[in-house]
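Undergrad: I would like to see how this sequence folds:
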Amino acid sequence: MRALSASVAVVLFVFAGSALAQQASRHGLGTPATLEQIRGWDIDVRPDGAGLPPGKGTVEQGEKVYAEQCAACHGEKGQNPAKGFDRLVGGKGTLATPKPVQTAGSYWPYATTIFDYVNRAMPFTAPNSLAADDVYSVVAYLLYLNDIVPRQAIMDAQELTKVKMPNADGFIPDGRPDTEDLKCKVDCK
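TA: Numbers count the residues shown, from 1 in each chain. As a prediction, this is how the structure comes out:
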């Protein structure tokens, strides 16, 4: 269903882009987006790993990339961030307390979505500038710092989908009628 929704969104985007392009050409503004340009923005990674690119990374490589690209904002080893930035490590066992510490290790339900976020939005000053190997490495390092994978872990698309996050069962299905996770309550088939 998500693939269908994504396809419909791309078609609508192309259609809207075409309509805008016609209007823009009438006014002599801009150029139509090419399919290659649109593909450059179609980089989402889903919880099941769909969309993960080829590549791999180690904890050791991730430690180096993190020190160069991430530590200035998130602190050395992800625990003492600069003001306005998120802590990335720790918080285990705090989610049900009055002061929950939400980190990549304590809160996020899927390791694949950590990849998605880092790939899209990091580093803060140059989003989407890391190579896939660097993103796999940083995710491996963050998972290691949160005691989720061992130091010798090598992350790639296959291994990342196997990671069981500590809070994977901490979310409840969305029961609203317009969502996929609607649970049948009457006359279920």
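Undergrad: count of residues packed around the residue lying closest to residue 156 once chain neighbours are set aside?
TA: Leaving aside its chain neighbours, residue 156 sits nearest to residue 56 (3.9 Å; criterion: CB to CB, 6 or more residues apart in numbering). Quick note: C-beta positions are derived from backbone N, CA and C, even for glycine. By other CB atoms under 10 Å, 17 other residues sit near residue 56.
Undergrad: same thing with the one 4 residues further on?
TA: As a burial measure, residue 60 scores 15 neighbours (other CB under 10 Å).
Undergrad: So it belongs to a helix, correct?
TA: Yes - assigned with DSSP: H, G, I helix; E, B strand; the rest coil, residue 60 falls within a helix.
Undergrad: Against residue 89, how distant is the closest residue to residue 94 other than its chain neighbours?
TA: Distance criterion CB to CB, 6+ apart; nearest residue to residue 94, sequence neighbours excluded, is residue 101 at 4.5 Å. As for residue 101, its distance to residue 89 is 10 Å (criterion: CB to CB, to the nearest Å).
Undergrad: for residue 170, same thing?
TA: Counting by CB to CB, the gap from residue 170 to residue 89 is 18 Å.
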